[in-house]
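Q: Provided below for reference: sequence and predicted model.
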Amino acid sequence: MNLMWRAVFAVCGIVVGSTAINYYVLGNSGDYAAQNARIGAWRDAKVREACFGAMERPESDPANPKLPATPHRIGLMDHHRAIEVTAALHCYLVTQRGAVCERDNRAYIVDYVRRYFDKMEEMLATAKGYGEDEVRNVRELWNSRNNRAIAAALEDHIRNSRLIKSDFGWTVPTQLKASLTRTPAADMCANERPWVAVRS
């Protein structure tokens with residue numbers, strides 16, 4: 001009996017460990033989202049493929065995040081990741097505007113919105129250790145033209161119920177909580193033509 005309990009604990013440890021690695025390290029939180037009439041399988045999303053062009057050289061787009069001209073402590077890897085998530089989410093929400101109305105795409109986009117805000121919050125948390133000037137530097141970095149377009153697109157998608165609170169499950173980004181708690185309007189996806197990929 002003792003041997004059986006050890007085996008059960010070992011199996012549970014493996015399951016919990018692999019789940020934690022998949023969720024927290026690899027960032028595959030979409031694997032744990034419940035599929036329903038609105039949320040499909042993020043791995044089947046076509047919007048990612050449609051945005052490969054936007055991801056080829058995102059650092060060359062002047063509308064993506066740029067390092068501040070003033071002295072700062074923003075690392076090159078953090079800057080590169082900010083560019084990467086901004087370029088991707090801009091394509092998913094702005095260039096491919098109607099993609100969010102398709103179930104699998106919505107699952108992928110919701111998961112990517114989480115990643116975008118997680119990176120922003122991580123950089124702001126690091127900046128707080130260096131004082132208000134560094135927090136301003138990070139906020140400036142995340143205030144590029146494409147970041148502002150993402151914010152406007154998210155507001156529009158939420159206002160028109162293309163994205164609603166339940167789409168995010170129990171992990172609603174802090175920055176979207178106020179918008180997502182408003183009474184949702186009728187889902188405008190029903191009035192829109194089926195999504196066709198736009199060349200990025």
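A: Happy to help now that I have it. Numbering: from 1, shown residues only.

Q: My guess is Asp61 contacts Ser144. True?
A: No: judged on C-beta atoms under 8 Å, Asp61 makes no contact with Ser144 at a distance of 9.1 Å. Backbone N, C-alpha and C define where each C-beta goes, glycine included.

Q: Those two: which is more packed in?
A: Taking neighbours as other C-beta atoms under 10 Å, Asp61 and Ser144 compare with Ser144 leading, 20 against 16.

Q: In contact with that one: list those residues for me.
A: By C-beta atoms under 8 Å, 6 or more residues apart in numbering, the residues touching Ser144 are 63-66, 86.

Q: And the next helix or strand past the lengthiest helix in the chain?
A: As assigned by DSSP state H, the longest helix anywhere in the chain is helix 103-128. Proceeding N to C from helix 103-128, the next assigned helix or strand is helix 132-141, under DSSP states H and E.

Q: Could you tell me the angle between that next one and helix 103-128?
A: 160 degrees (axes from the mean of the first three to the mean of the last three C-alpha atoms, to 10 degrees).

Q: Please save the CA atoms from helix 132-141 in PDB.
A: What follows is helix 132-141, C-alpha atoms only, in PDB (Å, rounded to 0.1, in the frame of the first residue of the first chain):
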ATOM      1  CA  GLU A 132       9.600  57.200 -11.000                       C
ATOM      2  CA  ASP A 133      11.900  58.300 -13.800                       C
ATOM      3  CA  GLU A 134      12.400  54.700 -14.900                       C
ATOM      4  CA  VAL A 135       8.700  54.000 -14.600                       C
ATOM      5  CA  ARG A 136       8.200  56.900 -17.000                       C
ATOM      6  CA  ASN A 137      10.800  55.500 -19.300                       C
ATOM      7  CA  VAL A 138       9.000  52.200 -19.500                       C
ATOM      8  CA  ARG A 139       5.600  53.800 -19.900                       C
ATOM      9  CA  GLU A 140       7.000  55.900 -22.800                       C
ATOM     10  CA  LEU A 141       8.400  52.700 -24.400                       C
END
